[in-house]
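>>> sequence first, predicted coordinates after that:
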Amino acid sequence: MSRETPMREIRPAAGPGTCPSLGGLRPEEMYRNIFEGVPCLVAVLDRNFRLVSWNRTFSEHMEAKPGDCCYQAFWGRDGKCARCPVEETFADGRFHTSEETGFYKDGSRAHWIVTTAPV
């Protein structure tokens with residue numbers, strides 16, 4: 001005795017370019033939600049070390065405005081750090097990590113593990 005499974009029509013739960021398993025979010029929306037929702041300080045820098053974009057957690061803890069250089073926003077310095085993981089990532093396209101100490105915008109001391117990644 002064989003059992004046949006009836007065929008069902010598979011219909012997307014949302015429109016073109018969306019992901020039904022993510023509630024119909026477009027990939028760009030999904031990535032933006034991850035970027036904004038992750039409980040880590042995330043910043044995107046250009047090759048001149050300028051802040052291009054950052055997430056909500058970064059805004060809550062750091063004093064920065066568009067165009068600020070990372071060394072100004074993170075460390076209050078006038079120039080790039082002696083060993084800069086961002087520079088290393090731009091040079092070789094690989095991940096780099098460093099341990100840093102600085103201050104949040106409220107003046108409290110902070111210790112970070114900084115990881116850079118090519119995007």
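That came in fine, so what should we check first?
>>> how about the helices in this protein?
27-37, 56-61, 70-75, 85-92 (DSSP state H).
>>> wait, what's in contact with Ala43?
Leu51, Ser53, Trp54, Asn55, Phe58, Ala64, Cys70, Ala73 (Cβ atoms under 8 Å, 6 or more residues apart in numbering). C-beta: built from backbone N, CA, C; applies to glycine.
>>> grab the nearest non-local neighbour of it.
Trp54 (4.2 Å; Cβ to Cβ, 6 or more residues apart in numbering).
>>> the one you found: how many residues sit nearby?
20 (other Cβ atoms under 10 Å).
>>> how about it, what does it touch?
Leu41, Val42, Ala43, Val44, Met62, Ala64.
>>> apply 7 Å and report the result again.
Val42, Ala43, Val44, Ala64 (Cβ atoms under 7 Å, 6 or more residues apart in numbering).
>>> do the same with Phe35
Per Cβ under 7 Å, 6+ apart, neighbours of Phe35: Val42, Asn55.
>>> change it to 10 Å
Neighbour list for Phe35: Val42, Val44, Ser53, Trp54, Asn55, Arg56, Thr57 [criterion: Cβ atoms under 10 Å, 6 or more residues apart in numbering].
>>> in a markdown table, list the helices of the chain along with mean pLDDT and distance to Val119.
Output for these, formatted as a markdown table (pLDDT from 0 to 100; distance: least, Cβ to Cβ, whole Å):
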| stretch | mean pLDDT | distance to Val119 |
| --- | --- | --- |
| helix 27-37 | 86 | 11 |
| helix 56-61 | 94 | 15 |
| helix 70-75 | 86 | 15 |
| helix 85-92 | 96 | 9 |
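>>> quickly compare the ones you listed and say which is most buried.
Compared across those, helix 70-75 shows the largest average neighbour count, a mean of 19 (mean count of other Cβ atoms under 10 Å).
>>> any chance you could list what contacts that helix?
41, 43, 45-46, 48-51, 54, 58, 62-65, 68-69, 77-81, 84, 86, 100-103, 105, 110, 112, 114.
>>> how about Thr101: what's its closest non-neighbour residue?
Nearest one to Thr101, counting by Cβ to Cβ, 6+ apart, is His111 at 5.3 Å.
>>> many thanks, have a good one.
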